[in-house]
Structures are given as structure tokens and as C-alpha cells.
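Student: only the shape, not the letters, is given here:
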Ligand code: ATP
């Protein structure tokens with residue numbers, strides 16, 4: 001555990017030291033759970049967004065983009081259910097005065113049972129070797145069955161109580177399970193209360209007739225209210241999707257895991273409109289397609305798992321998370337939700353306008369069903385960044401820090417380094433940068449010994465370093481060094497564009513989907 005915590009601390013300090021992420025308004029000691037993306041962070045974030053946009057919008061003829069405003073008519077949030085139901089159950093510890101999400105305390109307890117079961121399975125696998133039959137073991141081993149069934153019972157009961165808004169039972173469950181404050185061990189809890197997560201603001205200059213608004217807590221509603229505009233102006237045929245990326249705001253009760261849980265964050269969402277009755281087919285399709293997108297980045301198959309929801313949101317008839325193995329364990333990275341016709345019907349009801357589609361093949365009107373994919377851009381950043389950050393011991397016993405980012409996402413694709421600062425090498429190096437910067441984000445660095453410059457680019461995640469030396473003046477060749485293997489090749493300047501492109505081009509990565 002200590003090791004995991006160290007890893008996480010490293011992630012946070014590396015992000016700051018190398019210009020990826022700073023705490024917001026740091027000169028005033030920061031603002032809780034709000035962060036700024038720095039010079040390299042903004043490039044990485046933009047690249048992740050583009051990778052998503054390419055895969056979701058530009059590679060699908062039946063998905064189009066949208067950029068709806070953050071501020072929306074307040075009735076939107078009444079219709080969507082956010083005013084009444086966008087709550088988290090909070091609980092305070094009377095001794096420590098610390099505040100927690102009651103559902104998270106219970107989920108963490110249930111996850112521990114799950115981990116115990118997994119440990120038993122791993123032990124048995126080691127004992128039986130090749131002959132191990134996991135399926136049989138899980139269904140016959142008394143201990144594993146007990147852990148798994150308790151895990152299920154607890155989550156089901158919590159799902160029921162939250163669904164019925166029975167907060168007393170949520171508290172009773174915490175007491176029965178003897179869950180203690182994770183920081184102090186105290187079991188002296190207050191009652192569980194609901195807390196609305198939306199930020200309120202006002203529109204209008206005078207206090208008397210100002211209109212109460214909310215900062216959007218999700219981007220999805222901008223898509224729903226524009227459903228018919230897009231369908232008509234784009235002559236879209238069901239099934240089709242509308243995608244957008246943008247800021248969302250939630251007044252999170254507990255926000256202390258760096259950019260995992262922020263109060264201002266960015267979502268990348270796609271709403272896919274389908275015929276009623278066909279939603280489960282599309283739900284399964286998008287679950288798999290989205291997982292494949294994640295896997296295409298090569299961060300490791302074992303870092304992902306699905307978690308099917310017991311507790312469904314008010315709008316959903318099926319929901320699953322793609323969880324990622326963050327430095328603090330498996331947590332939600334993306335949600336796939338079958339949202340039924342809840343949102344469009346609610347907007348019909350509140351607006352008095354029809355939000356229906358005429359299906360020429362069926363010759364009938366209906367309110368489409370919706371399957372949503374929703375991934376946090378900041379969580380994607382954290383997943384990519386934390387998994388890529390490595391401390392390596394080299395053959396000569398020295399160590400290096402390398403940010404082995406998928407090269408398609410790397411902020412800078414190549415750095416050009418003149419071996420020394422004279423003899424015309426800087427000018428030639430700059431010329432190479434000027435030529436390649438039309439196609440790639442490039443860097444030029446002439447400070448310090450070349451070995452130190454390599455290390456710096458390794459820590460920034462730059463896939464290639466190109467070194468210009470005296471031989472370059474004679475034969476127009478340079479050395480190109482690969483970040484991960486540290487291998488160096490002598491190549492012609494004229495071939496650089498093609499070498500870099502073959503490794504960072506989105507096509508090459510997305511083809512793996
Ligand atoms: P959680 O259970 O972690 O609070 P959620 O289920 O409320 O998340 P959704 O409403 O499904 O999240 O939002 C979709 C995605 O938006 C999430 O999968 C996550 O990646 C991202 N997201 C949600 N809340 C935050 C936040 N506070 N900070 C950063 N990203 C977030």
C-alpha cells in the first residue's frame with residue numbers, strides 16, 4: 001500500500017515539476033479540487049480529446065459533433081431530474097469532523113470482500129498450477145462463495161435503500177458492518193443526508209429579476225435538447241449519435257484524489273439514439289467498442305475491467321463502468337448507460353414540444369432510446385499519465401525516469417538537439433524544427449550536456465530525440481533516439497518526417513481497435 005501511495009505522490013509531483021498540472025490559483029494556496037493544465041498538460045489533454053473525437057465522430061458516418069453552451073435554461077435540470085435527484089448521500093464523522101460519501105464507504109467495504117475472494121483464487125491458482133479450473137473453484141470453494149455472496153448482498157441492499165431514498169437503512173448498514181472512519185477509526189457517525197451536487201449561479205444584472213441557473217453537471221443535456229435540431233439539419237437517420245466534449249461542474253462532497261475527482265472537469269460524451277427495443281444490442285456494442293478504444297492505447301489489458309451497476313440511476317435500465325487500475329486501485333474511468341427514453345420524454349413534457357423521430361422504414365413516430373458513453377477527460381489523463389510514469393534501472397546500474405506515453409498522445413513528438421552550441425549546429429537544428437513543426441509538435445533544446453537533455457525529454461514523454469552533430473554538416477544525416485528502447489539510428493534528415501509519422505499517426509493506433 002505504501003508503495004502505491006508513493007507512486008501516486010510521484011505522479012502528482014512529476015505533473016507539477018514537468019509542467020503538466022498545477023493547482024489552481026496556487027499563489028493564493030490553491031482552490032480545493034480545481035487544477036490548471038500547464039504547457040505540456042494542455043498538449044496531452046488536447047491529444048486525448050482528439051483521439052476520442054477522431055474515433056467517435058470522424059470515423060463514424062452516423063455520429064456528429066456538437067458544442068453546446070455550459071449555461072442552459074434552468075428547466076433543463078428540472079426535467080433531467082438533477083434538481084430533485086442529483087444528490088450524493090453524505091455522512092459526517094462526529095469525532096474527526098471528516099465528511100464522507102456514505103455509498104463510497106459501503107462500496108469500499110464490499111470491495112475488500114471482493115479482494116479477499118481474489119486472493120483465495122490467486123492462492124489456489126499458484127497451488128494447482130496448470131490444472132486450476134477457476135470457474136469450478138469459484139462455484140465450490142466455501143470461503144470464496146461466502147465473500148462473493150456477502151459482497152453482493154451488501155451492494156444489493158445499498159442499491160435498494162438508495163433507490164427508495166431510505167437513508168436510515170444506509171446508516172444502519174454502515175453500523176451493522178462496523179465501518180469506521182478510514183482516517184481515524186472512529187465509528188461515531190451522524191445520520192446520512194442527501195446533498196445536491198449542482199453549482200448555482202445567476203443570470204442578469206439586477207438582483208431583483210436575476211434568473212437562477214446552474215453550471216451544467218454533465219454535458220449530456222445539451223445533446224438531448226438539441227436532438228431534433230441536429231437530426232433535422234443533418235438529416236440523420238436512427239441509429240445515430242451526437243458527441244461532445246466540454247466542461248462539467250459538480251460540487252463533490254469529497255474531492256481529494258488529484259484530478260480523479262474534481263469540481264470542474266471535462267467530459268467526452270456521446271449519446272446514441274436507437275429504436276426502442278434495440279437498446280440492449282447497442283448497449284453491448286458500445287461497451288465493447290469503448291473498451292477496444294481504451295485497449296488501443298496499449299496501457300495493458302489487465303488494467304481494465306467492467307463493473308455492472310447494481311444501483312441504477314433514475315434514468316437507466318442498464319449501466320456499466322469501465323474501471324481502470326489507478327494508483328489507488330480500480331475505479332470508474334468511463335460509464336456506459338442505457339438511458340431509455342427518459343431524457344427526451346422529460347424534455348417533451350416540460351417544454352411542451354415534440355422530440356420525436358419519424359422512422360421511414362417503420363412508417364411511425366417514436367421517442368428514440370438512448371445509449372450513452374461518457375468518459376472523463378481528466379480521468380483519462382490520469383490513467384495515461386500514471387501508467388506511463390516509470391522509474392527504470394539501466395544496464396549500467398543508473399536509473400532514469402521515463403514517461404512512456406503512447407506516442408500518439410505525447411505532448412511533443414520530437415526534440416531536436418544540436419550536439420554543441422556552435423559551428424552552425426544550432427542553426428541546422430532549428431531548420432529541422434522549422435520544417436517538421438508543420439506536421440508535429442516539436443521542441444528545440446541546446447542547454448546542458450546531451451545526455452541530460454535526453455533524460456529531460458524522457459521525463460516529458462517525447463518519443464524521439466534528434467541529434468545534430470558535425471557529421472550532419474557533411475552528409476545531412478542525424479541520429480534519432482527512441483525514448484523507450486533508447487536505441488539510436490543514423491538516418492537522413494529527409495527521412496525524419498516519415499519515421500516520426502509512422503509511430504505517432506492516429507491511423508496506426510486506431511487501426512488496433
Ligand atoms: P463517480 O461515481 O466516480 O462519482 P459518476 O458515476 O458520477 O462518477 P458519471 O456521471 O457517469 O460519473 O460521469 C461520467 C464520467 O465523468 C465518469 O466516468 C468520470 O470519468 C467523469 N467524472 C465524473 N465526475 C467527475 C469528477 N468529479 N471529476 C473528474 N471526472 C469526473
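Tutor: The structure has been received and is ready for your questions. Note that the structure is predicted; figures quoted are calculated from it, not measured.
Student: nearest spatial neighbour of residue 323, skipping sequence neighbours?
Tutor: Spatial nearest neighbour of residue 323, chain neighbours left out: residue 330 (4.5 Å); criterion: Cβ to Cβ, 6 or more residues apart in numbering. Any C-beta I mention is one placed from the backbone N, CA and C, and that applies to glycine too.
Student: using the three-state scheme, assign the one you found.
Tutor: Recorded secondary structure, residue 330: strand (DSSP: H, G, I helix; E, B strand; the rest coil).
Student: what count of nearby residues applies to residue 68?
Tutor: Neighbours of residue 68 under the rule other Cβ atoms under 10 Å: 18.
Student: surely it meets residue 224?
Tutor: No: Residue 68 is not in contact with residue 224 according to Cβ atoms under 8 Å; the separation is 9.7 Å.
Student: test my guess that residue 227 contacts residue 344.
Tutor: Yes: here residue 227 reaches residue 344: they are 6.3 Å apart, a contact under Cβ under 8 Å.
Student: need the residues touching each of these two.
Tutor: 355, 368 (Cβ atoms under 8 Å, 6 or more residues apart in numbering).
Student: am I right that residue 256 is in contact with residue 12?
Tutor: No: Residue 256 is beyond contact range of residue 12, at 11.5 Å (criterion: Cβ under 8 Å).
Student: and those two? Which one has more around it.
Tutor: Higher neighbour count among residue 256 and residue 12: residue 12, with 18 against 9, using other Cβ under 10 Å.
Student: state the distance from that one to residue 185.
Tutor: 26 Å (Cβ to Cβ, to the nearest Å).
Student: ditto for residue 56
Tutor: Residue 56 is 45 Å from residue 185, by Cβ to Cβ.
Student: of those two, who's got more company?
Tutor: Between residue 56 and residue 185, counted using other Cβ under 10 Å, residue 56 has the larger neighbour count: 24 against 10.
Student: verify the stated contact: the more buried one with residue 270.
Tutor: Yes: between residue 56 and residue 270 there is a contact under Cβ under 8 Å: 5.4 Å.
Student: shared neighbours of those two, which are they?
Tutor: Listed contacts common to residue 56 and residue 270 are 63, 241, 243, 373; contacts here mean Cβ under 8 Å, 6+ apart.
Student: could you verify my assumption that residue 319 touches residue 306?
Tutor: No: using Cβ under 8 Å, residue 319 makes no contact with residue 306, being 10.8 Å away.
Student: when those two are compared, which one has more neighbours?
Tutor: Comparing residue 319 with residue 306 by other Cβ under 10 Å, the one with more neighbours is residue 319, at 20 against 12.
Student: beta partners of that one?
Tutor: Beta-bridge pairing for residue 319 (DSSP bridges): residue 337.
Student: now it: how far from the ligand?
Tutor: According to Cβ to the nearest ligand atom, to the nearest Å, residue 319 and the ligand sit 8 Å apart.
Student: just confirm residue 52 is within a helix.
Tutor: Yes: judged by three-state DSSP, residue 52 forms part of a helix.
Student: thought it was touching residue 245?
Tutor: Yes: if you go by Cβ under 8 Å, residue 52 and residue 245 touch, sitting 7.1 Å apart.
Student: what do those two both touch?
Tutor: Common neighbours of residue 52 and residue 245 (Cβ under 8 Å, 6+ apart) are 268, 377.
Student: once you drop chain neighbours, what's closest to the residue of the stretch 101-250 of the chain found nearest the ligand?
Tutor: Closest to the ligand within the stretch 101-250 of the chain is residue 250: 5.0 Å, counting by Cβ to the nearest ligand atom. Nearest residue to residue 250, sequence neighbours excluded (Cβ to Cβ, 6+ apart): residue 197, at 4.5 Å.
Student: separation between that neighbour and residue 211?
Tutor: As judged by Cβ to Cβ, residue 197 and residue 211 stand 21 Å apart.
Student: would you map the strands across the stretch 251-400 of the chain?
Tutor: Along the stretch 251-400 of the chain, counting by DSSP state E, counting those that start in this stretch, strands occupy 264-274, 304-308, 318-326, 329-340, 357-359, 364-366, 369-376, 389-393, 399-403.
Student: for the ligand, give me its nearest residue in the stretch 301-450 of the chain.
Tutor: As assessed by Cβ to the nearest ligand atom, the ligand sits closest to residue 376 within the stretch 301-450 of the chain, at 2.4 Å.
Student: tally up the residues packed near that residue, please.
Tutor: By other Cβ under 10 Å, 23 other residues sit near residue 376.
Student: now do the contacts for it.
Tutor: Applying Cβ under 8 Å, 6+ apart, the residues contacting residue 376 are 265-268, 333-334.
Student: buried residues, stretch 139-156. List them.
Tutor: Across stretch 139-156, burial judged by 16 or more other Cβ atoms under 10 Å covers 141, 144, 147-148, 150-151, 154-155.
Student: what are the ranges of the helices in the stretch 101-250 of the chain?
Tutor: When assigned using DSSP state H, counting those that start in this stretch, the helices of the stretch 101-250 of the chain occupy the ranges 102-128, 134-140, 142-163, 167-176, 220-225, 227-233.
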